[in-house]
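Colleague: sequence and predicted structure are below.
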Amino acid sequence: MSGSIVRALGWGVGIEQQYIAVNPAGDEIAVYQTNHSGQAVPATPSDDDDDDGIVKVYARGGFEHIQCATFSHKPGILAAGQSDGTISVFDIRVADASLAHLRPKQQRPVNSLSFNQAGLLAVGFDKSRHDYGLQVWDVEHYSSSSNNSHINKPAYTYISNEAVLSTCFITGEPTNLLCGSYKFLREMDLRSDVPVFQLATRNTLGITMDPFVPYHFASYAEDGTLCIWDRRNMGSVVKRVQSVSGPLGPITSDVPALTFSKLLADTRTNHRSCFRYSSVRKGEFSTCFNGEIVRRWQTGVVPEREESKGMETHGENGIKGPKEERPNIERDTKEIETALSDLDLSDSLFVTFVLDVKTVYERVISFDYIPDLVSATKCHLVCMRQSGSVYKMSVLESPESIRFNSFNEFTVSGPDGVFTHFAMEAPKPEPEEYDLDEESDDDKSSFKPSALTNFLRYEEVLLQDICAVMRARAMVGYSTVPVTNVLLMELGVLAAGNWAMRNSWKWLMLAQRAADKGKMQAEGLDLGYEGVLGIWSGVAGMGNQQRYQRGSVGENIFVKATQSLVASRSGKRLPTIPSYGNREAQRKLCLYVAGWDIDRAELDEKLTKLIGLGMYEKAAGLAVFHGDVAEAVHILLSSKKERLRIISTAVAGYHAYKGTPENSPWKDQCRRMASELDDPYLRAIFAFIADNDWWDVLDESSLPLRERLGVALRFLSDKDLTIYLNRLADKVISHGNIEGLVLTGITPKGIDLLQSYVDRTSDVQTASLIAAFGCPKYFQDVRVDHWIDSYCTLLNSWSLFHVRAKFNVARAKLARDEGGRTRAKVVPRQLHLQCIRCNKNISKPALVRAGTGLKPKARDPNKGCPHCGAPLPRCAICLLSLGMPIPLDVTLRVNPRQEPAERAFKEWFSFCLACNHGMHAGHAEEWFAKHYVCPVADCSCKCNSK
Amino acid sequence: MKELKSFITGHEELVHDISYDFYGKQLATCSSDQHIKVFDLDAATQTWNLNDSWKAHDSLIMKVAWAAPEFGHVIASISYDRTIKIWEEDTDEQPGLGRRWKRMATISDFRGPLYDVAFAPAHLGLRVGAIGSDGVLRVYDAMEPSDLRVWTLTSEVQVLNLPPATNLQSDFSLTWCPGRFSAEKIVVCALDQGVIYTRDAQGRLTLAANLPEHNGLIRSVSWAPSMGRWHHLLATGCKDGYVRIFKLVEKAQDVEINDASSGESKAHSAIEVELLSQHDDHSGEVWRVNWNLTGTILSSAGDDGNIRLWKSSFSNEFQCMSVISANLN
């Protein structure tokens, strides 16, 4: 035996559990008790991994090599079997309690002990020729104070001349016990001399009953093979082999429910192993390996099939039809069917999963389970080490399941219980955590994965996730109306800090204003929501879009259209641009589209505004971008910051060195400043004044895209502009920079951009809202359908049905072409009213049949079928035909404030689709406010709860 | 700071699965104690109130799944008792009496204990698939979604050639591709194999791709909702200790494959599987992985008892953003 610890089921004191331990030397037996008093609930798992978690409460020494020990169901009563054959029964809770010594006729080691509820103690002895191997003693009347001389001989004896290696009473059946000798596993009934069954097997050691399933027990063999047996099948299912008869009757050859070959260490060697059924979780047992790992085996039961019980069908609900009726499906599962035919016979046990628990301290020789105080499914372990020290450890276990809902809330289930994370009551549209200078791809070092050593709080992660952000945005009114969106963003309730999004909605606002006023339509060509690139590329940029009413767009039409569009706007004096001829109009239109159609007065106004806001750098930058370096110097000088005033003097050098082609220290200094300064506007100013070259400004990726676009449109030559625009477009598309919409417009290229935006951010909301401006009005794209579908599904799952409906309505409106027809596919009507007499659709007007000259009878379409004139069904409440106005209750004055629409709704038809009874909607509302059942007599339909 | 809110399910044994309905208003739980429970959300107090609890199977119930809302309040459950059962809420019955959820069908074609069940996305109709230790994926359709009592076996695919031994642990899982803008796809994991099937022109499920690199039982698989993204994301949790995130790109091949039997030519689409990253942060087995509804947060649970939340960074690398501690109490 040399050291073991076992949970004494039923010995618990309050919340504390007790454990029987025999020390490795075999001379002391002790009771350990868990100690939860320090902390009601352990705060962290490591807290109770110390020795305080379990304490020794009783001990009794002075034994000589304890071979085995067991506990009675009476708390305190223990039995210890020693190698000299003496079994000591005593009450450990009473100090100096008298020992009742049970001795066999012949002195030999005690192999196994087991108590039953009735106070009988089964003892398995080693082999002796003149004595029985299995003896049952009645120790019910043990007394801790007398000398217990009344317990002097066994009550029952069985199996002579054979060693009994292990024995165990069957839980719940005090008269039956299992015992194993070298070759046989037997079940004995105390009322009979013949075993219930005897089975030839070598798996006869360490018989243990499953504490949850009374018919399962485990045993192992000398070589470490472990078997789980099902007692119900023993000796009955498998036929008895009559010819082979053992010493006590016929021998059966049942097979175990589960066999694990050499799972435990070989008992003939010195390796120790330990087997325990879990007293916490049903179907679990554990084994200990090398003193370091406790392996927890979980088993499941496949119950007996209903067919094999003689029930052929599954009642009315089963799958109907034999296999022949399903010839269209592949059936190549023959092998598996034969392989599994055994499985079908009866309930079968199988291993579901295995959990490994590393012990805190090594060299564990014995262990048992400790239930958790809070959760019934969680467990701890008590371990005994080779040295005899005992400690308690927590068992970490993975949660079983985590599920999210569409609110980014989640629920976890696991051994600890079930927990839900609920999101905040009112989520706020938090700024997204994505960098704004997303174009600076050389700047990735700032976002190293390894740099994240401190984790965020999970609430934050969930709240900042696009799932929560989109919902919050939808709830504050993020919609297809650019004006409101921009307003919301300026108020800071929507996408605060997300400048890219704000700029693109601002552009959309301008684009919508222009499109609504017809400023983007001429000569039958509609350039609404086109981007700078599309307009600059001309006809080539219009590919695959329905922007022209009369066939395909020709070059001349495009030129004419741009010219007339520019002419219609020529109110302002735009700065001179390096373009002539056809290209001039195109470039001007580009300036309009980009929102840079400002004249000098407007620029000054804007600069004053920026200065007023203290944004001197930006104002100076804008001045330079409009070619006015002098103004920039002036602005910087007017600043209160000393640094800026100093910078202004440096910038003022521009005029002095402008014409000189050779390098000068001033130019070098400017170049250095252009790479060193923090502010992007100042960097751009120096980059420009150093070499008088706009490309340096255009490559400054931290400047807002629109401003760079303005510079390019104002100063680059036609050829350079084409190159620059294409290069920029490729970049914004591949980066999914939503600001780039001003460049691509709502065109197929814009959809490419939005797609990479969606790939990166999963923000289908913004993508759907923006794409609705161009798709399906100008073009079709399955990707847009995909986003809109995803977005609508999300809105539905948030129960924001109104938002979804409004979005669909807005989408259909945006898709209207010049003729007012919508190009969006409108969901068809899903219900039609059919006349009960002529079976025609009531909502369709009657057709005038050509040739007959017969005019349909002029009728009020609300009162009867327009085809045959049959009256509509009657309202079940007022018994008038539906469609008739509801008679006014004379006692009630018509509420003058009642909306006409509301009144009309009250008179509208309302049908129950289950019982087909109809009434006025207003009457239905009144009726079902008080009733569940249909108002029609004898109809028991619960119309309103369908 | 808002903590995780514990609620007492009243299950007597371990709760193996939980499942939200589409609107997040109901929660179904299943347990070793052979019972299913459904809870209704009380939004005002943020508590779950028991809708009903009933004994649903004759063995441990491993999974519950909700059907799409267009089919009503319908759940499917699978158990080690080899059956799929379909349940529908009967709103006429009083809650809490064990009668509110009516068993509409019992599907018992399986030869071994079942491990996972999933409903197909709604655009494919009312379709349910399950896999268990007989190694056969079976897919059933309710041809008439208004009649939940009749389910027709429409596909049967042998994923494993031999059933696993009963004294070894095994694991199976499956999930459908939730996107509706590409052909039907389903990923099935059986032991250490992850296989993606697509439906071909003849309506059969055919092998499309394998999930590489697994060195142990695949415990769990989750297909991220595509949310309009061009690529698919898929995650697995494996006994070998890794959370793996795969990126799937469908390549529409221009090569037209002529089908001899029908004479039709159909464009064949291939799936390219790329392992984006693998993480062994759980320092032990990974048991569960699950995406959130936008496919932007991946949760994983492992032997360390922790839940980790993974999120893609700007440079498209997944990294652990948050750890929810083991000791939920």
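Modeller: The structure has been received and is ready for your questions.
Colleague: all contacts plus neighbour counts: C-alpha atoms, from now on.
Modeller: Will do.
Colleague: in terms of helices and strands, where is the residue nearest to residue A:768 when sequence neighbours are not counted?
Modeller: Leaving aside its sequence neighbours, residue A:768 sits nearest to residue A:788 (C-alpha to C-alpha, 6 or more residues apart in numbering or on different chains; 5.3 Å). Element membership for residue A:788, per DSSP states H and E: helix A:782-797.
Colleague: tell me what that helix is packed against?
Modeller: helix A:748-761, helix A:764-771, helix A:801-814 (3 or more C-alpha pairs under 8 Å, 6 or more residues apart in numbering or on different chains; DSSP states H and E).
Colleague: please redo it, this time with the cut-off set to 10 Å
Modeller: helix A:466-476, helix A:748-761, helix A:764-771, helix A:801-814 (3 or more C-alpha pairs under 10 Å, 6 or more residues apart in numbering or on different chains; DSSP states H and E).
Colleague: need the winner for burial among those helices.
Modeller: helix A:764-771 (a mean of 25; mean count of other C-alpha atoms under 10 Å in any protein chain shown).
Colleague: angle of that one against helix A:748-761?
Modeller: 170 degrees (axes from the mean of the first three to the mean of the last three C-alpha atoms, to 10 degrees).
Colleague: show me what helix A:764-771 is packed up against.
Modeller: Helix A:764-771 packs on helix A:466-476, helix A:499-516, helix A:748-761, helix A:782-797, helix A:801-814, going by 3+ C-alpha pairs under 10 Å, 6+ apart.
Colleague: now render these as JSON lines, adding mean pLDDT.
Modeller: Formatted as JSON lines, these follow (pLDDT from 0 to 100):
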{"stretch": "helix A:466-476", "mean pLDDT": "88"}
{"stretch": "helix A:499-516", "mean pLDDT": "85"}
{"stretch": "helix A:748-761", "mean pLDDT": "89"}
{"stretch": "helix A:782-797", "mean pLDDT": "90"}
{"stretch": "helix A:801-814", "mean pLDDT": "88"}
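Colleague: export the helices and strands packed on helix A:782-797 as TSV, with columns for distance to residue A:158.
Modeller: Output for the helices and strands packed on helix A:782-797, formatted as TSV (distance: least, C-alpha to C-alpha, whole Å):
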stretch	distance to residue A:158
helix A:466-476	72
helix A:748-761	78
helix A:764-771	79
helix A:801-814	78
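Colleague: coming back round to it: what distance separates the helix holding residue A:788 from the centre of its chain?
Modeller: 19 Å (C-alpha atoms, centre = their mean, to the nearest Å).
Colleague: end to end, how far does stretch A:704-723 reach?
Modeller: 19 Å (C-alpha to C-alpha, to the nearest Å).
Colleague: give the rounded mean pLDDT of that stretch.
Modeller: For stretch A:704-723, the mean pLDDT works out to 84.
Colleague: any idea how far chain B is from the nearest residue to residue A:10 once chain neighbours are set aside?
Modeller: Leaving aside its sequence neighbours, residue A:10 sits nearest to residue A:73 (C-alpha to C-alpha, 6+ apart; 6.5 Å). Taking C-alpha to the nearest C-alpha, to the nearest Å as the measure, residue A:73 falls 25 Å from chain B.
Colleague: and for residue A:917?
Modeller: Where chain B is concerned, residue A:917 sits at a distance of 20 Å (C-alpha to the nearest C-alpha).
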